[in-house]
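> Sharing a model prediction with you, sequence too.
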Amino acid sequence: MARFKPVHKGLKLLPVDFDRQVVPGSFEYALCKLVDLELDLSPFHARYKNDVEGASAFDPAVLIKIILLAYSRGIIHSRKIEAACRENILFMAVSGDSQPHFTTLAAFVSDMGDTVAKLFAQVLLICDRQGLIGREMFAIDGVKLPANASKAKSGTRADYQRQLDRMEQAATHMLEKHKNADSAATDEALIKRDAQKLERLHKEAQQLRTFLVKNPEDRKGSKGSVRLSNLTDNESAKMATSKGVVQGYTGVATVDEKNQIIVDAQAHGTGSEQELLLPVIESTAALRSADTVITADAGYNAEANIKALAEQGIDAYVPDNLYRKRDERYADQGVHADKRDPLWNKAKSRPTKNSKCFKAADFQLADDQSHCICPAGKRLYGNGSNCTIRGMIAIKFAGSKQDCVPCTRRHECLRKPEKTQTRQVTFLQGKRNAGENHVKLMKQKIDSEKGREMITRRFATVEPVFGNLRGNKRLHRFTLRGKKKVDGQWKLYCMMHNIEKLAHHGYAG
């Protein structure tokens with residue numbers, strides 16, 4: 001029978017040289033050299049006032065190295081980071097055998113504030129010094145990630161006021177029930193359960209009252225619309241993603257094409273990407289050269305954005321949502337059209353709209369535009385000319401009751417013939433603004449050979465970055481609350497990505 005050498009399992013005491021665990025050329029080696037020798041951590045040191053009195057504190061350099069090493073290994077939760085500092089040799093070596101409590105780690109990340117932006121800028125300066133930033137093309141894109149907030153706690157002030165009224169009514173009803181129970185024999189367990197429920201109602205009602213006092217107005221959207229508030233994190237927003245609707249933030253990254261260095265990172269509590277482009281353009285102004293080309297995702301395409309880029313003389317490529325339909329390279333994308341939309345998991349249960357109704361194209365417009373003729377041969381009279389609908393010049397017509405009410409084709413003409421008496425038709429005549437249409441000019445630019453090339457280059461530049469952060473580093477959600485803190489956590493992840501790029505290109509090797 002063959003004999004094999006024994007395999008040891010379980011506890012074994014070994015002498016460990018921490019310096020030999022951090023291998024040159026690795027991420028942790030570049031991280032240690034960067035934090036210990038390059039970065040200015042004086043803003044962190046200024047926070048401590050224990051030079052004479054008070055207990056000694058963990059070195060900020062140690063905490064930064066622990067956090068970034070954990071993020072590079074896909075560990076985001078502070079309890080797991082604490083466990084790694086106790087059990088993982090590499091974490092022990094990087095931290096000098098420091099074992100901070102998870103509350104210390106969580107508080108450090110939460111309280112970093114504006115200092116994260118300064119660290120990010122310092123790392124970016126080193127990347128530039130190493131020749132990793134080309135400035136030929138910047139690709140802008142964003143990722144929507146869930147926040148540390150409950151989607152069920154979203155609503156307007158009116159919604160919260162109605163919830164508060166219902167809670168107060170329920171509490172009053174329970175108090176009446178308790179009064180009646182005092183005069184009659186009742187199960188003590190039932191009384192105790194009702195008392196706990198009443199206490200929970202009072203607590204939730206007080207939370208609503210406090211929120212309504214602190215927020216006297218609804219949140220406003222980019223065009224003055226009401227944006228839903230949230231009780232747990234009012235700076236987060238409800239946003240649609242490919243995985244469904246989440247309560248979260250949009251992390252925006254601007255990536256340089258040469259080595260996929262993230263030159264700018266921002267987190268915003270909105271799912272509307274259109275309003276995020278210009279802040280990014282402004283933030284990257286000092287990094288761009290006169291020849292830097294800007295590429296962005298279709299979500300950033302808007303007349304105001306493209307016009308602003310043109311006025312600033314920035315060469316940009318921002319496709320519209322329909323560019324794939326005009327590009328023969330995406331001719332086979334129809335195979336995915338039959339897939340169920342993840343945002344509407346109840347689509348089959350919803351009543352479908354009546355698509356058999358006559359459309360405007362079925363009505364014959366008179367040459368002098370004074371009237372139109374319906375498919376039944378009846379005349380519809382003008383009830384509005386030179387109107388504006390979504391920026392388009394429109395002419396509106398309406399039928400008369402004596403023609404529409406007895407018509408035998410009402411079911412073909414009206415969506416709700418049992419409620420609607422007459423049919424109305426609108427003919428669109430083109431854009432009202434006769435000025436330069438920047439979106440249209442951008443379509444022509446995107447459909448050119450150069451435009452298609454830039455779209456491909458944008459994909460190859462920015463998508464691998466998000467693949468690294470979400471797939472390799474397992475960034476699936478933000479763990480903090482509030483825009484400032486979430487923005488700091490997003491910058492930490494992007495800074496970690498840049499340090500990884502430095503390590504891969506031989507920094508401190």
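Arrived safely, thanks for sending.
> Run the chain-centre distance for stretch 301-310.
21 Å (C-alpha atoms, centre = their mean, to the nearest Å).
> What residues of that stretch count as buried?
301-302, 305-309 (16 or more other C-beta atoms under 10 Å). In short, each C-beta sits where N, CA and C put it, glycine included.
> So among these, where is pLDDT lowest?
In terms of pLDDT, the lowest of the buried residues of stretch 301-310 is Ala302, showing 90.
> Closest one of the buried residues of stretch 301-310 to Ala361?
Using C-beta to C-beta, Asn301 is the member of these that lies nearest Ala361, at 27.6 Å.
> ranges for the helices of the stretch 151-300 of the chain?
Under the criterion DSSP state H, counting those that start in this stretch, the stretch 151-300 of the chain contains helices at 157-182, 188-214, 277-283.
> domains in the protein, as residue ranges please.
18-111, 137-148+237-330+437-490, 157-217, 360-431 (automatic domain parsing).
> how near is the residue nearest to Ala117 when sequence neighbours are not counted to Ser272?
Spatial nearest neighbour of Ala117, excluding adjacent residues (C-beta to C-beta, 6 or more residues apart in numbering): Lys491 at 6.3 Å. Separation of Lys491 from Ser272 (C-beta to C-beta, to the nearest Å) stands at 21 Å.
> Likewise for Gln429?
Taking C-beta to C-beta, one finds Gln429 at 30 Å from Ser272.
> Read off the pLDDT value for the nearest residue to Leu414 once chain neighbours are set aside.
Spatial nearest neighbour of Leu414, excluding adjacent residues (C-beta to C-beta, 6+ apart): Thr420 at 4.8 Å. For Thr420, the model assigns a pLDDT of 90.
> correct me, but Thr420 touches Cys407?
No - judged on C-beta atoms under 8 Å, Thr420 makes no contact with Cys407 at a distance of 11.9 Å.
> Which one's more surrounded, those two?
Taking neighbours as other C-beta atoms under 10 Å, Thr420 and Cys407 compare with Cys407 leading, 20 against 13.
> what's around the closest residue to that one other than its chain neighbours, how many residues?
Nearest residue to Cys407, sequence neighbours excluded (C-beta to C-beta, 6+ apart): Ala376, at 5.6 Å. Residues near Ala376, counting by other C-beta under 10 Å, number 16.
> Ala376 in helix, strand or coil?
coil (DSSP: H, G, I helix; E, B strand; the rest coil).
> Do I have it right that it meets Arg410?
No - Ala376 is beyond contact range of Arg410, at 9.2 Å (criterion: C-beta under 8 Å).
> Just say which of the domains of the chain is most tucked in.
Mean neighbour count (mean count of other C-beta atoms under 10 Å) peaks for domain 137-148+237-330+437-490 among the domains of the chain, with a mean of 18.
> where does the stretch 201-350 of the chain have low pLDDT?
Scanning the stretch 201-350 of the chain for pLDDT under 70 picks out the ranges 222-224, 333-350.
> circling back to that earlier point, distance check, the residue nearest to Leu414 against Asn437.
In this view, Thr420 and Asn437 are 35 Å apart by C-beta to C-beta.
> Pretty sure Ile395 sits against Gln424.
No - the criterion here is C-beta under 8 Å, and Ile395 misses it with Gln424 at 11.5 Å.
> ok, Glu217 - contacts?
Arg157 (C-beta atoms under 8 Å, 6 or more residues apart in numbering).
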